[in-house]
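Model the following, please.
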Amino acid sequence: MDAQSRGRAENIDPADQWVLNPNTGEYELRLGNSAPQSPVPGPRTSRRGRPAEPEAERGRGGAAVREAPERDAEVPQPRRRRGAEPEPPPGRRNRRPVKKKSKTKKILAWTGGGLALVLVVTGTAGYLYLKHLEGNVSATDVGSAAKQGFSKDDAFNILIIGTDKRTGAGNEGYGDKNSVGHADTNILLHVAKDRTNATALSIPRDMIVDVPDCETLQPDGSRKVIPGSSQVRFNTSLGQEGRDAGCTMRTVKAVTGITPDHFMMVDFNAVKTLTSAVGGVKVCLKHAVNDKDSHLQLPAGESKVEGEQALAFVRTRHAWGNQGDLDRIKVQQQFMGSLMRDMSSSDTLTNPRKLLDLAEAATNALTVDKGIKSVGTLKDIALEMKKVPPKNITFLTVPVIDNPAEKVHATVVVNQTAGPQIFDAINNDVSFTDVKKKEKAAKDAQAARLKGTRSAPSDVRVRIMNGGAVAGSAQETLNWMQTEKSILKSENAGNAPAELSRTTLEYAPDQAPQARELAALMGLSGSAMKPGKSVENAQGLPAMSLTLGKDFKGAGVSLTAPAKAPDVSDKSTADKVECAS
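The predicted structure is shown next:
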């Protein structure tokens, strides 16, 4: 379907099909000759803004594929003339109108280098439109590198990749026109379990890493393992030797210990189309820029950039700092914060034309893993991200030092002093901003679980299961318990029924002293202790259940999460305006 026919009825502008319903205070997408939505909850709509049953769903060719049944006793409401004030409902004409909060949902985007973003629009007619947007999105099967679904109850990590592939009009002039699409810009986005905060960790493309072996899907449907490479640039984890985004995900895990759950990837076109759709992005410069390589020309102070100029802004290296990739990353982070502020502004969220343009621009540029391609999953991710306040979204860069193997420094390596502290904080869901602590009573109760009498190690009876840790972790832990800690009443129970992000210890009330002893020996926090019921071990005796999650670091390594994130001087947040220098 071409751009002229998407979401249109004959020659009607798409923006004209979003009409304000005076009874709900919502914008509603009217397709064809559809009637206004009833404000009464029922099978078609609800006060919570659930998707209405459409009169006709249209395929990509525009043909109606399903007719909705007639509704009994429904009184048609006249369509309001554009620009006119809505008529108040009966019985309300002499009262001041009640101002209702719009339920139009935010669009959240992340961009830099190329562009990476997640976007979804929801509302009364959101489901129908999201099905159309889903058709715009491309998907890649990266096998076990990505999860099969998305949980709204857990913290999650999304690897956002901007490639340097030169496809699309006007992009052939940027750098290596024959690039297969390397991982030019990379952001690991961690969203906290309680949604109070998020961390966007930039990964330098010129960081030297070991790329592990990775299995990729071939065009003929077969799978091929691409051999890994030692001491190469991070950006070669994508494209080089036929590597897909799953290889980049596996490289991130190998370098940081953080497991990406999903990926989102785009090329140069998205930054141009998205910034044009929003009407330009505000940027601030401490000094004027005239870069002959990127053709970026901007005065000192504030400016608005869009299209080609926006792409030049995030691609420029020679205008910032030491003219390297690390300084460009800082500028890209400032650009992201500005774009987020523009997209969450009331001017954008109440403008149907902008919402439609943004939705089309974003989804047409987006490639994701198959686990999150569905309309429901994209919606869930966007709504969960929407809960995070911009002031608590922190932009960081992997701490690095110059590569000691080089005489002329062109690449960097992870700073092994500062890097692991940041990786550990992210892995343990620790915020880099001061957030208001939720559910204090629950946290106090978790701390109380560690207090009280403790059993002797010889009295601890536990079954160990692997619920997401590396293979062999259950047996390793069993050996450690029996040989080093004298916990002889322990056994390896194999794999858990499901994977867990965090290690847990479930126990019955009368096993609390055993649980406290085991938690102390393993360095488990109160949040890892789950009062519940006991299970039977191989001898038919009651035992506790220890499930090793993805956070498990090895037998004898403490699992107590850091109380606070390490101090990082070089960071920014999405709510603050900063000027590039």
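
close enough to count as contact, Leu133 and Ala361?
No - between Leu133 and Ala361 there is no contact under Cβ atoms under 8 Å: 10.9 Å. Placement of C-beta: from N, CA and C, glycine included.

Mind listing the residues bridging to the nearest residue to Leu238 once chain neighbours are set aside?
Using Cβ to Cβ, 6 or more residues apart in numbering and skipping residues adjacent in sequence, the residue nearest Leu238 is Ala183, 4.0 Å away. For Ala183, the beta-bridge partners under DSSP bridges are Thr163.

if I pick Ala183, what's in contact with it?
Ile161, Thr163, Arg205, Phe234, Asn235, Thr236, Ser237, Leu238, Gly239, Thr248 (Cβ atoms under 8 Å, 6 or more residues apart in numbering).

Most neighbours among those, which one?
For these, the largest neighbour count, defined by other Cβ atoms under 10 Å, is 33 neighbours, found at Ser237.

My read is that it contacts Asp213, right?
No - between Ser237 and Asp213 there is no contact under Cβ under 8 Å: 11.8 Å.

hmm, back to that, looking at the contacts of Ala183, which are in helices?
Among the contacts of Ala183, the members found in helices (DSSP state H) are Thr248.

Nearest to Ala580 among the contacts of Ala183?
Ranked by distance to Ala580 (Cβ to Cβ), those are led by Arg205 at 18.9 Å.

from what I can see the closest one touches Asp325, true?
Yes - contact criterion Cβ under 8 Å: Arg205 and Asp325 qualify, at 6.1 Å.

any chance you could map the helices in this protein?
Secondary structure of the chain (DSSP H): helices at 126-136, 245-256, 268-277, 307-315, 325-343, 346-349, 352-365, 375-386, 419-427, 440-448, 473-484, 512-522.

Mind telling me which of the ones you listed the model trusts least?
For the helices of the chain, mean pLDDT drops lowest on helix 440-448, to a mean of 59.

that older thread, nearest to Leu548, out of the helices of the chain?
helix 473-484 (5.1 Å).

Now do that closest one and helix 512-522, the angle between them.
Per axes from the mean of the first three to the mean of the last three Cα atoms, to 10 degrees, the angle that helix 473-484 makes with helix 512-522 is 100 degrees.

Can you tell me what sits against helix 473-484?
In contact with helix 473-484 (Cβ under 8 Å, 6+ apart) are residues 462, 464-466, 487-488, 490-494, 546, 548, 552, 554-556.

So which bits of stretch 315-324 are buried?
Neighbour counts over stretch 315-324 (16 or more other Cβ atoms under 10 Å) mark Arg315, Thr316, Arg317, Ala319, Trp320, Gly324 as buried.

how far does it stretch from start to finish?
In stretch 315-324, first residue to last residue: 11 Å (Cα to Cα, to the nearest Å).

Ok, stretch 192-200 next?
Taking Cα to Cα, stretch 192-200 runs 11 Å from one end to the other.

what do you get for stretch 304-318?
The first and last residues of stretch 304-318 sit 20 Å apart, counting by Cα to Cα.

ok, now stretch 292-308?
Using Cα to Cα, one end of stretch 292-308 lies 14 Å from the other.

go on, stretch 279-289?
Chord length of stretch 279-289, first to last residue, is 22 Å (Cα to Cα).

What lies in contact with it?
275, 296-306, 310, 313, 316, 319, 334-335, 338-339, 341-342, 354, 577-581.

With distance to Lys147 added, can I get the helices of the chain in JSON lines?
Shown next, in JSON lines, are these (distance: least, Cβ to Cβ, whole Å):
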{"stretch": "helix 126-136", "distance to Lys147": "18"}
{"stretch": "helix 245-256", "distance to Lys147": "11"}
{"stretch": "helix 268-277", "distance to Lys147": "24"}
{"stretch": "helix 307-315", "distance to Lys147": "29"}
{"stretch": "helix 325-343", "distance to Lys147": "25"}
{"stretch": "helix 346-349", "distance to Lys147": "30"}
{"stretch": "helix 352-365", "distance to Lys147": "21"}
{"stretch": "helix 375-386", "distance to Lys147": "10"}
{"stretch": "helix 419-427", "distance to Lys147": "16"}
{"stretch": "helix 440-448", "distance to Lys147": "26"}
{"stretch": "helix 473-484", "distance to Lys147": "19"}
{"stretch": "helix 512-522", "distance to Lys147": "26"}
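
returning to what we had before: which of the contacts of stretch 279-289 count as buried?
The neighbour count (16+ other Cβ under 10 Å) marks 275, 296, 298, 303, 305-306, 310, 313, 316, 319, 334-335, 338-339, 341-342, 354, 578, 580 as buried among the contacts of stretch 279-289.

Point out where the stretch 401-550 of the chain drops to low pLDDT.
Within the stretch 401-550 of the chain, the set of residues satisfying pLDDT under 70 comprises 436-447.

cutoff 90 now
Scanning the stretch 401-550 of the chain for pLDDT under 90 picks out 407-409, 420-421, 424-425, 427-430, 433-451, 498-502, 520, 523-529, 550.

Of Leu133 and Ala361, which one has the most company?
Taking neighbours as other Cβ under 10 Å, Leu133 and Ala361 compare with Ala361 leading, 25 against 22.

Just give the nearest non-adjacent residue to the more buried one, would you?
Nearest residue to Ala361 in three dimensions, chain neighbours excluded: Thr273, at 3.8 Å (Cβ to Cβ, 6+ apart).

What sits closest to Ile487 if chain neighbours are left out?
Closest residue to Ile487 in three dimensions, ignoring its sequence neighbours and counting by Cβ to Cβ, 6+ apart: Met481, at 4.0 Å.

what about Ile401, distance to Thr411?
Separation of Ile401 from Thr411 (Cβ to Cβ, to the nearest Å): 11 Å.

what does Gly321 give?
Counting by Cβ to Cβ, the gap from Gly321 to Thr411 is 17 Å.
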